[in-house]
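> Pasting a predicted model and its sequence here:
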Amino acid sequence: MPSIFAFLSSGVLGFWTLIFIANYLLRRSKLRGVYERFLGLCGITVALGHVKIFTVGLNRFFARCAKVCPRWQKRWFCMGAMFGVFSMFASVVVLILTILTVFTSEKNNEDQPQKLVVVLPGVNMPTSQIVYMVLALLVSAILHEAGHAVCALGEGVKLNGFGLFLMIIYPGAYVDLDTESLLNKFPLQNSEFTAPGLVVAPSLAIERSQVWHNFVILMFTYSLMVYLPLILTPFYTSGQGVLVKGVDASSPLYSPVTFPVGTVITDINKCPVMDVDSYGACLRSIYNWKSSGFCVDLHTIEQLKSAYQLKNLSLQKTPVECCSSEGPGDLCFQFDSHSWTVSEEDFLFGDLGTQTKTAKSSNYRCLNARKIVDSFECAENRDCYLFYGESSRCLFPSQANQSRLLRVSHSHGDDLLYIGDLFVFSYALTVGNFVPVFSFLPESLPDVMMNVLKYLSSFSAALALLNAVPCYTLDGQWIFSGVMEALAVIFGLDQSDKESIKVVVLSFGTLLLVANIVVAFVNSFSQFYF
């Protein structure tokens, strides 16, 4: 996985290097005039690791939106103002708890779930989901900035334009408000500049805080995620197994005839599989517990002994192999030859203190696996005595420590028997929750929808949380500035006291946010490389 991250990093660096070189050469070539006119016409600005597109084409659309139900919009943004103040305090509490959790978990050597995670493609996010990440970030940013544009126009502030940008691999959006009309509408005794030409009125920011919009998007997308199976019911079924969407061609599981793509897995080793979560839970439980054996009496063992049984066994080899490669469906089983003397009454009531055991030695038999796995499961020989008598034995597949015998029930014929590493099994299969009712429906569509909703809700929550932090350049700065304006009037604070409190709180919020981001970066890489 680190090689994937290195490959992606090299690709991103190469892409921006080409953009920079192409921009540099075009600006110094004979095509400079044509190139610069093209950039100006399209509103494109190119810089190192940063590209912006600016347009005035959406101004009319935003203006029309601002005129729709203005009274309801006033109420809507008032709710947003109250939520903005609440979220500012909540974001500080969450970030403080995150930092404290990290230090306390390190002190106690405990693993704690991270509240803030830096998404790094190729590190903690599959490269196949980069498209979902970019789409979710772009939609969240556009809706957030569109809210700024609509509320500003509703208050009579002129909108210069709307823009999109790409910084390294992360997309975003912004709005450009006219400074003069903003100051005329909301005059300030002391204007606050974040950059040349950008002035924000605290009263406007607190009354129209667009953190509220990100929270609404979060609730809407999360509701769609919860009810998506119900919405897709006429076309897709769910909760009755997992759909095999892909099988690695280099895997021993690959078999277009006996185990094709489109097969529905319903249980693994009698562990019910209803969805992707239960599928993962079954594999984890099988990994954490020793493989079960199967009760077979000694007479049946000799009857089922395969003709492909090897005579000369290498007992030093792990696992011991007692079947030749020519035996189809045969598997080497191991059992202990010792017997237990235990009565049925002692077995039922757990009084095994008087039991006796003969000397233990291991035996290996090459048997037909499918006939053995239909037997009663056991953990040791004495588990079999009550049901099969003292002549029965508990047979275990001869396998390496990390190997497991899996019996996979599915919709396409007989159960699949797999013996090998569980990680190989899990990585070889790509599964999904939704099974199409009709053959013409695409198998991947519901999972694409679910991934888009998952990332959209995650990034909307992150934008709502981070933008509300009282930190320089974020919405939280203006939310806190508005709160301070109100508190100054209530408590009669003079200008110097007010500004001092602002500097202290905003500096603390900035340091707190930076500390959380640094910790999140360190955790992401440490889980990966160490």
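Perfect, thanks for sending it. Since the model is a prediction, treat every value here as computed from it, not as a measurement.

> The helix or strand residue 455 falls within: how far from the chain's middle?
Secondary structure assigned from DSSP states H and E places residue 455 in helix 445-467. Taking Cα atoms, centre = their mean, to the nearest Å, the mean C-alpha location of helix 445-467 is offset from the chain mean by 10 Å.

> next one: stretch 364-376
Chain-centre distance of stretch 364-376: 40 Å, with Cα atoms, centre = their mean.

> Give me the average confidence score over it.
When pLDDT is averaged along stretch 364-376, the result is 82.

> again with stretch 330-341
Stretch 330-341 carries an average pLDDT of 70.

> go on, stretch 397-405?
For stretch 397-405, the mean pLDDT works out to 69.

> and if you look at stretch 46-55?
Here the average pLDDT along stretch 46-55 is 87.

> ok, residue 287 - how many residues close by?
Residues near residue 287, counting by other Cβ atoms under 10 Å, number 14. All C-beta spots, glycine's among them, are computed from the backbone N, C-alpha and C.

> Please read the previous query as pertaining to residue 44.
The tally of other residues near residue 44 (other Cβ under 10 Å) stands at 13.

> Give the closest residue to it in space, chain neighbours not counted.
residue 53 (5.5 Å; Cβ to Cβ, 6 or more residues apart in numbering).

> what pairs with the one helix or strand that neighbour maps to, and is each one parallel or antiparallel?
Element membership of residue 53 [criterion: DSSP H and E] is strand 50-55. If you go by DSSP bridges, strand 50-55 pairs up with strand 44-47 (antiparallel), strand 159-167 (antiparallel).

> among the ones you listed, which is the most enclosed?
strand 159-167 (a mean of 18; mean count of other Cβ atoms under 10 Å).

> Quick one: mean pLDDT over it.
The model assigns strand 159-167 a mean pLDDT of 88.

> Which strands border the helix or strand just after it, and is each parallel or antiparallel?
Remark: after strand 159-167, the chain's next helix or strand is strand 170-177, criterion DSSP H and E. Applying DSSP bridges, strand 170-177 is found paired with strand 159-167 (antiparallel).

> The residue lying closest to residue 412 once chain neighbours are set aside: neighbour count?
Closest residue to residue 412 apart from its sequence neighbours, by Cβ to Cβ, 6+ apart: residue 263 at 4.5 Å. The local packing of residue 263 (other Cβ under 10 Å) involves 23 other residues.

> Kindly report the same for residue 293.
Residue 293 has 26 nearby residues by other Cβ under 10 Å.

> quick one, phi psi at it?
Main-chain dihedrals, residue 293, degrees, to the nearest 10: phi -100, psi -170.

> Next, the nearest residue to it once chain neighbours are set aside: secondary structure please.
Nearest in space to residue 293, with sequence neighbours left out and distances taken as Cβ to Cβ, 6+ apart, is residue 394 at 3.9 Å. The three-state assignment at residue 394 reads strand, by DSSP: H, G, I helix; E, B strand; the rest coil.

> Please tell me how far residue 394 sits from residue 365.
Residue 394 is 13 Å from residue 365, where distance means Cβ to Cβ, to the nearest Å.

> joint contacts of those two?
Shared contacts of residue 394 and residue 365, defined by Cβ atoms under 8 Å, 6 or more residues apart in numbering, are found at residue 335.

> need the contact list for the residue nearest to residue 293.
293-295, 335-336, 378-381, 383-384.

> Dig out what it forms beta bridges with.
Beta-bridge pairing for residue 394 (DSSP bridges): residue 295.

> check contacts around the residue nearest to residue 412.
By Cβ under 8 Å, 6+ apart, the contact set of residue 263 is 243-244, 410-412.

> In this structure residue 458 contacts residue 137, no?
No - the pair residue 458 and residue 137 does not pass the contact test of Cβ atoms under 8 Å, sitting 10.0 Å apart.

> and those two? which has more neighbours close in?
Just comparing residue 458 and residue 137: by other Cβ under 10 Å the higher neighbour count belongs to residue 137, 23 against 19.

> In the helix or strand where the more buried one lies, which residues are buried?
Element membership of residue 137 [criterion: DSSP H and E] is helix 130-154. For helix 130-154, burial by neighbour count (16 or more other Cβ atoms under 10 Å) applies to 132-141, 143-154.

> Over to stretch 45-64?
Using 16+ other Cβ under 10 Å as the test for burial, stretch 45-64 gives 51-52, 54, 58-59, 62.

> distance between the ends of it?
End-to-end distance for stretch 45-64, by Cα to Cα, to the nearest Å: 28 Å.

> Poorly predicted segments of the stretch 401-530 of the chain, please.
Counting by pLDDT under 70, the stretch 401-530 of the chain contains low-confidence ranges at 401-403, 524-530.

> hey, where'd the strands end up in it?
403-410, 416-421, 429-432, 435-436 (DSSP state E, counting those that start in this stretch).

> could you dump these to CSV with distance to residue 236 and mean neighbour count?
Below are the strands of the stretch 401-530 of the chain laid out as CSV (distance: least, Cβ to Cβ, whole Å; neighbours: other Cβ atoms under 10 Å):
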stretch, distance to residue 236, mean neighbour count
strand 403-410, 18, 20
strand 416-421, 24, 18
strand 429-432, 10, 20
strand 435-436, 6, 18
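
> Could you check how many residues crowd around residue 252?
Using other Cβ under 10 Å, residue 252 has 12 neighbouring residues.

> That one belongs to a strand, doesn't it?
No - when the secondary structure is assigned by three-state DSSP, residue 252 falls in coil instead of a strand.

> isn't it right up against residue 418?
Yes - with contact defined as Cβ under 8 Å, residue 252 counts as touching residue 418 (7.4 Å).

> circling back: mind checking how far the helix or strand following the strand holding residue 53 is from the chain centre?
Past strand 50-55, further along toward the C-terminus, the next helix or strand under DSSP H and E is helix 59-66. Here helix 59-66 is found 36 Å from its chain centre; the criterion is Cα atoms, centre = their mean.

> Can you tell me which helices and strands helix 59-66 packs against?
helix 130-154, strand 159-167 (3 or more Cβ pairs under 8 Å, 6 or more residues apart in numbering; DSSP states H and E).

> I'd like the average pLDDT over the longest one.
It stands for helix 130-154. So the average pLDDT for helix 130-154 ends up being 82.

> can you dump the C-alpha coordinates of stretch 513-520 into CSV?
What follows is stretch 513-520, C-alpha atoms only, in CSV (Å, rounded to 0.1, in the frame of the first residue of the first chain):
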residue,chain,number,x,y,z
LEU,A,513,-7.5,23.0,14.7
VAL,A,514,-3.9,22.8,13.5
ALA,A,515,-3.1,20.3,16.3
ASN,A,516,-6.0,18.1,15.4
ILE,A,517,-5.0,18.1,11.7
VAL,A,518,-1.3,17.2,12.6
VAL,A,519,-2.4,14.4,14.9
ALA,A,520,-4.8,13.1,12.2
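
> what comes up buried for that stretch?
Applying 16+ other Cβ under 10 Å to stretch 513-520 flags 513, 516, 519-520 as buried.

> Now tabulate the residues you listed in a markdown table and tack on distance to residue 95.
Shown next, in a markdown table, are the buried residues of stretch 513-520 (distance: Cβ to Cβ, whole Å):
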| residue | distance to residue 95 |
| --- | --- |
| 513 | 7 |
| 516 | 5 |
| 519 | 10 |
| 520 | 11 |
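
> Looking at the residues you listed, which are in helices?
Applying DSSP state H to the buried residues of stretch 513-520, the entries found in helices are 513, 516, 519-520.

> any weak-confidence spans in the stretch 1-150 of the chain?
Using pLDDT under 70, the flagged stretches of the stretch 1-150 of the chain are 1-8, 105-125.
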